Structures are given as C-alpha cells and as structure tokens.
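>>> Here's a sequence, model it:
(one chain, ligands or ions: 3)
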Amino acid sequence: MPSIHPLIDKGLIKGDPNFPGGRLLCRCSSNQVIVGLKSNVAHNHACGCSKCWKPEGALFSVVGVVPRENLTVEKNESKLKIVDPTAVILRHACRECGVHMFGRIETAHAFHGLDFVHSELSDQSGWQEPQFAGFVSSIIEQGFDPKGMDEVRSKFKSAGLETYDALSPPLMDLLATFAAQKAGVKFSNL
Ligand SMILES: N[C@@H](CCC(=O)N[C@@H](CS)C(=O)NCC(=O)O)C(=O)O
Ligand SMILES: [Zn+2]
Ligand SMILES: [Zn+2]
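Ligands and ions are numbered 1, 2, ... in the order given. Next comes the predicted model:
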C-alpha cells in the first residue's frame, strides 16, 4: 500500500489553534522561493485530485486555505509560473523544483479571496492538521487500482478523517449557495 501522505501515514499531529502562520519554502537547494503567511491554514484536507501538488510517492496532496491578503511572496517570485492558466485555481509553482507555492482564484467563485497552500513546505510546526479527505475516488483517474479503495478509505478512517469524493459538506454547501445566488434562486424551507 503506497503512502497516503507523510502527514497522515503515521497518525495526525494536532496543530496549535493559536499558531500565527509562518513561511513556506520551495524545494530548491538555493534561491528558494519563500512565501509568508500571516495566519494558520483553515479547511486543511487531503485532496486526491490530479491537479494538486503531492510530495514524491504520496497518493494525496494536503492542502488548506488562507485569506489572500495574508499571503506574500517574500523571495524569488520570478521563479514562479502558473501551472495551468485555464484552471479555476491558478497554481503558482516553482519552475525549477516544481513545488506549488500557492493557488489563487481570480474569477467569481465561492472560494475567491482564499489562497490554497501546502503547509508541509514550512519548517515550522503548529499548522492545522488535516480535517478530512476530499476527491478520494479521483486517485483512480491517476492509475490507482479501484480494488484498493476500501483500504485507502479505511486508512483515513483509522487516522480519524472522514472521506468524501468531492469536498466536505460545509464546503459543498458554500459552493451550492454561491451557485444558487448567482442564478438568483430565493431560499425557502422546502
Ligand atoms: N477528478 C478530477 C477532479 C479535479 C477537481 O475538481 N479538483 C478540485 C479540487 S482541488 C478543484 O476544485 N479543482 C479546481 C481547479 O483545479 O482549478 C481530477 O482528479 O482531476
Ligand atoms: Zn524551487
Ligand atoms: Zn485537489
């Protein structure tokens, strides 16, 4: 069974709710891209989709969000390039080591204003631990044998994480609320 993710395989390490944020470093041996975050991450989760950056050998990414005003590129911004300019989340990766330093949404979207980041790129501890696993079935699209899915889901369960094939219910509700408001739907208790 391959690694789910280094932050999940050996059990979760709880974050510090008062952690004030810190810096993320790319994996280059020199001239590292450095991103400063003025807050902890929120909604941190494992993502099995094909687009989020994963460490070598891991089946899942671990990704959380910070308000975009809390993120600054402190060093070597010129090394960043947008992985897929047509995606909703514009993932800014280091063109040398390939690590995704942050993902930003520039279109009208429920998550506009939040940047997506990988707290494992920090050498500090206290970051919020993963809260759930999303886009779990998506690993099949990347070649994972569907027969292994029960084992993957049980691994998350034994780490105390719920699994979903899209996002968690509160995040799915935010997406649906945004879509409803955009379409001018009026809410009522059906
Ligand atoms: N099954 C697809 C799912 C992709 C997907 O929808 N990813 C989610 C979670 S990160 C998303 O919000 N993507 C928007 C984007 O990548 O811009 C895949 O694995 O590529
Ligand atoms: Zn780099
Ligand atoms: Zn993803």
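>>> which parts of this structure sit against ligand 1?
Contacts of the chain with ligand 1, taken as C-beta under 6 Å from any ligand atom, map to 47, 49-52, 87-89, 135, 138, 141. The C-beta positions use only the backbone N, C-alpha and C, and glycine is treated the same way.
>>> 8 Å instead?
Residues of the chain lying close to ligand 1 (C-beta under 8 Å from any ligand atom) are 47-52, 61, 63, 84, 87-91, 103, 105, 116, 134-135, 137-139, 141-142, 166-167.
>>> can you map out the strands along this protein?
Along the chain, counting by DSSP state E, strands occupy 23-25, 34-37, 42-47, 61-67, 71-75, 80-82, 89-94, 100-105, 114-117, 132-134, 162-163.
>>> These: which one's closest to V185?
V185 sits nearest to strand 100-105 of all the strands of the chain, at 22.0 Å, using C-beta to C-beta.
>>> tell me the angle of that closest one relative to strand 61-67?
Between strand 100-105 and strand 61-67, the angle comes out at 50 degrees (axes from the mean of the first three to the mean of the last three C-alpha atoms, to 10 degrees).
>>> Start the count at 30 instead of 1 going forward.
OK, 30 is where the count begins now, so the last one is strand 129-134.
>>> roughly how far is strand 129-134 from the heart of the chain?
Centroid displacement of strand 129-134 relative to its chain, using C-alpha atoms, centre = their mean, to the nearest Å, is 9 Å.
>>> now the angle from that strand to strand 100-104?
Strand 129-134 and strand 100-104 meet at an angle of 140 degrees, taking the same axes, to 10 degrees as the criterion.
>>> I'd like to know which elements strand 129-134 is packed against.
Contact partners of strand 129-134 among helices and strands, from 3 or more C-beta pairs under 8 Å, 6 or more residues apart in numbering; DSSP states H and E: strand 118-123, strand 143-146.
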